[in-house]
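Novice: Using only what follows, build the 3D model:
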Amino acid sequence: MLILSTIIPNESIQTKMKDTFPDLNFIYQEKWTDEPLSEAEILITYGEDLTEEVIRKATNLKWIMVMSAGMELMPFKALEDRGILVTNARGIHKIPMAEYAIGMLLQYEKKMKLLMKNEGEELWDRKIEVGELNGKKMLILGAGAIGGEVARLGKAFRMKTMGVNRSGQPVESVDRLYTLDHLLEALPEADYIISVLPSTGETKDLLQKEHFKAMKDSAVFVNIGRGDLVNEEVLIEALETKELAHAILDVFNPEPLGKGHPFWRMENVTVSPHLSSKSGEYLPRTFAIFEKNMLEYLGAGKDFINVIDLSRGY
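Specialist: Numbers count the residues shown, from 1 in each chain. Prediction:
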């Protein structure tokens, strides 16, 4: 059986795969090429390099392991037509993304950007007003695995936690849950609005002018999900008219954020280059999921982790 991967992990992961599955043939290469692609039964990829043409050429393909959580670029119709199993790495982002979110909240409350600026200028200013996370309310858009971890860390700072998800089903560490239909009810209460929502037909341009008008003028919006959650012109207008205090943005539409873009220059915006999910533990965690699913694939084939509903795209 041939497993073809356009992700090239370090030597220790490659060795572990070989030792765990000695009868399987793993090929690691940066791009798809016709010969191994036509023979491969399993593909390992970040998903962004999959096209309908790749799927057509992979005539022996049975399963794709996508080593990320984002699925918006996948050729779902071609995969569904072939009945190909698709699994992803949902859940592995929760630790780095939650740490990023809390780190940015602390950075904002403790005025770290201003302190670093003053340090560079050798300026001693003890009149800076710093705040606390203690007692503040966070509203998590997309309260699932990642959102639950954000809420758990928020609880360590005695924050009050609210969440929004499709089902309204309870999530550990989230005090109160709303469905997306009731988002406008939740927004006025929140000091921090943190989005970890994926990109779907339901979430694209979800946040409109009315949502920012509903926020406290002291609220902070944090987006670590997907950049198409809000039209940037809507967000810029809300920031310029001070309908919210600050935006912390790790994702954009499109990416990378272009030079000269207003976000770079706005005092009430913090920009980072889509790295909230990055971690040295990323590939070890994703290949651990692949390993569990590979054992299932070779066995009963009934209990795969993170199976994607191709009709829904997640």
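
Novice: residue boundaries of the helices in the chain?
Specialist: Assignment of helices within the chain using DSSP state H yields the ranges 11-20, 34-39, 52-57, 76-82, 94-109, 112-120, 145-156, 183-186, 209-214, 232-240, 262-265, 282-298.

Novice: any chance of those in JSON lines, with mean pLDDT too?
Specialist: Shown next, in JSON lines, are the helices of the chain (pLDDT from 0 to 100):
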{"stretch": "helix 11-20", "mean pLDDT": "97"}
{"stretch": "helix 34-39", "mean pLDDT": "95"}
{"stretch": "helix 52-57", "mean pLDDT": "96"}
{"stretch": "helix 76-82", "mean pLDDT": "93"}
{"stretch": "helix 94-109", "mean pLDDT": "97"}
{"stretch": "helix 112-120", "mean pLDDT": "97"}
{"stretch": "helix 145-156", "mean pLDDT": "96"}
{"stretch": "helix 183-186", "mean pLDDT": "96"}
{"stretch": "helix 209-214", "mean pLDDT": "98"}
{"stretch": "helix 232-240", "mean pLDDT": "98"}
{"stretch": "helix 262-265", "mean pLDDT": "98"}
{"stretch": "helix 282-298", "mean pLDDT": "96"}
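
Novice: how about those in a markdown table, adding distance to Asn223 and mean neighbour count?
Specialist: C-beta: built from backbone N, CA, C; applies to glycine. Shown next, in a markdown table, are these (distance: least, CB to CB, whole Å; neighbours: other CB atoms under 10 Å):
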| stretch | distance to Asn223 | mean neighbour count |
| --- | --- | --- |
| helix 11-20 | 31 | 13 |
| helix 34-39 | 36 | 14 |
| helix 52-57 | 30 | 15 |
| helix 76-82 | 24 | 15 |
| helix 94-109 | 10 | 20 |
| helix 112-120 | 18 | 12 |
| helix 145-156 | 13 | 22 |
| helix 183-186 | 15 | 16 |
| helix 209-214 | 13 | 17 |
| helix 232-240 | 9 | 16 |
| helix 262-265 | 11 | 12 |
| helix 282-298 | 20 | 18 |
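
Novice: Adding distance to Arg166, write those out as a markdown table.
Specialist: Output for those, formatted as a markdown table (distance: least, CB to CB, whole Å):
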| stretch | distance to Arg166 |
| --- | --- |
| helix 11-20 | 34 |
| helix 34-39 | 36 |
| helix 52-57 | 28 |
| helix 76-82 | 19 |
| helix 94-109 | 18 |
| helix 112-120 | 35 |
| helix 145-156 | 12 |
| helix 183-186 | 11 |
| helix 209-214 | 17 |
| helix 232-240 | 23 |
| helix 262-265 | 29 |
| helix 282-298 | 23 |
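
Novice: quick one, which of those helices is nearest to Leu139?
Specialist: helix 183-186 (5.4 Å; CB to CB).

Novice: how much space between His261 and Leu105?
Specialist: Distance of His261 to Leu105, given as CB to CB, to the nearest Å: 24 Å.
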